[in-house]
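Asks: The following block contains a protein sequence and its predicted model.
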Amino acid sequence: MTRRSVDVPDKPERRKRVLASMNIWIARNKESFSFIYAEHLEWLNGLGKVTYFDPEDNSVVLPDDVDILYLPGGYPENRARQLSAATNVMNSIKDYIERGGYTLAECGGMMYLTSVLMTGTDTRMEYNMAGVLPVKVSAFKGDMRLSLGYRSFEFRGMKIRGHEFHYSQVIESDEELTSAAQVYNAKGQPVNTPVYHYKNLIASYTHLYWGETGFMRLFEPVPGNPFLF
């Protein structure tokens, strides 16, 4: 299935919202979603009410009034079985993204949104993930290699900076799913880290630094396509 950025119809009544009243949900787990900058939490707390949820808790369902979903980094490969078993929360997150919900997924968060996550030391184990991105990621020992360093890329006319640190790798993806940006290392050399942009989802292995751009600018549309907030 082709995955492309698509426009979400403007809703004037939502544009009237004050940023400080946003409903923000953040995935948090001591292992699978554990990497969050304290500065970023300050940013998000300044935008509205923050609710933490555990994606391993199958009773979780995102409410209809969520404004922002943040899926930070961590080690989902160590909790793949538990995450895969929590189908209610995965389906809720997928439905939210398909409706055009604003979502940032970084590293482990991106892995969680793929179709399959592979793990194992001697035997390759496959676990179904949320299935938003038609991508297979492997943390199987034989596929793992270190990706480490500062990263930067151009996105929506901004230079985005961040860093990358992971051993898992994308091993298969839909041939029509292309990266929304070319990512570069600290020496200005291109690297093959993808940046996925689907509807209002931004997902990548790169842990972004928002200090130079602010958080909401990541989601600004191109000219002529009104920003919902």
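Replies: Good, I have the coordinates. Residues are numbered from 1 along each chain as shown.
Asks: so residue 66 makes contact with residue 23?
Replies: Yes - Residue 66 is within contact range of residue 23, at 5.4 Å (criterion: C-beta atoms under 8 Å). For every residue, glycine as well, the C-beta is placed using N, CA and C.
Asks: and the strand or helix carrying residue 90, what other elements does it pack with?
Replies: In this structure, residue 90 is located in helix 87-98 according to DSSP states H and E. For helix 87-98, the elements it packs on are strand 68-71, judged by 3 or more C-beta pairs under 8 Å, 6 or more residues apart in numbering; DSSP states H and E.
Asks: Run the chain-centre distance for the strand it packs on.
Replies: 7 Å (C-alpha atoms, centre = their mean, to the nearest Å).
Asks: List the buried residues in it.
Replies: 68-71 (16 or more other C-beta atoms under 10 Å).
Asks: any chance of these in TSV, plus distance to residue 119 and pLDDT?
Replies: As requested, the buried residues of strand 68-71 are exported to TSV (distance: C-beta to C-beta, whole Å; pLDDT from 0 to 100):
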residue	distance to residue 119	pLDDT
68	29	93
69	24	96
70	24	96
71	19	97
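Asks: in this protein, which segments are predicted with low confidence?
Replies: 1-20, 220-229 (pLDDT under 70).
Asks: Give the residue farthest from the middle of it.
Replies: Distance to the chain centre peaks in the chain at residue 122, reaching 29.0 Å (criterion: C-alpha atoms, centre = their mean).
Asks: residues near the closest residue to it other than its chain neighbours, how many?
Replies: Once flanking residues are discounted, residue 122 sits nearest to residue 141: 7.7 Å by C-beta to C-beta, 6 or more residues apart in numbering. Residues near residue 141, counting by other C-beta atoms under 10 Å, number 13.
Asks: Which is the succeeding secondary structure element to the helix holding residue 90?
Replies: Proceeding N to C from helix 87-98, the next assigned helix or strand is strand 102-106, under DSSP H and E.
Asks: can you pull the contacts of the nearest residue in space to residue 89 that is not next to it in sequence?
Replies: Nearest residue to residue 89, sequence neighbours excluded (C-beta to C-beta, 6+ apart): residue 60, at 4.3 Å. Counting by C-beta atoms under 8 Å, 6 or more residues apart in numbering, residue 60 makes contact with 53-54, 86, 88-89, 92.
Asks: Out of those residues, which end up buried?
Replies: Counted by 16+ other C-beta under 10 Å, the contacts of residue 60 give 53-54, 86, 89, 92 as buried.
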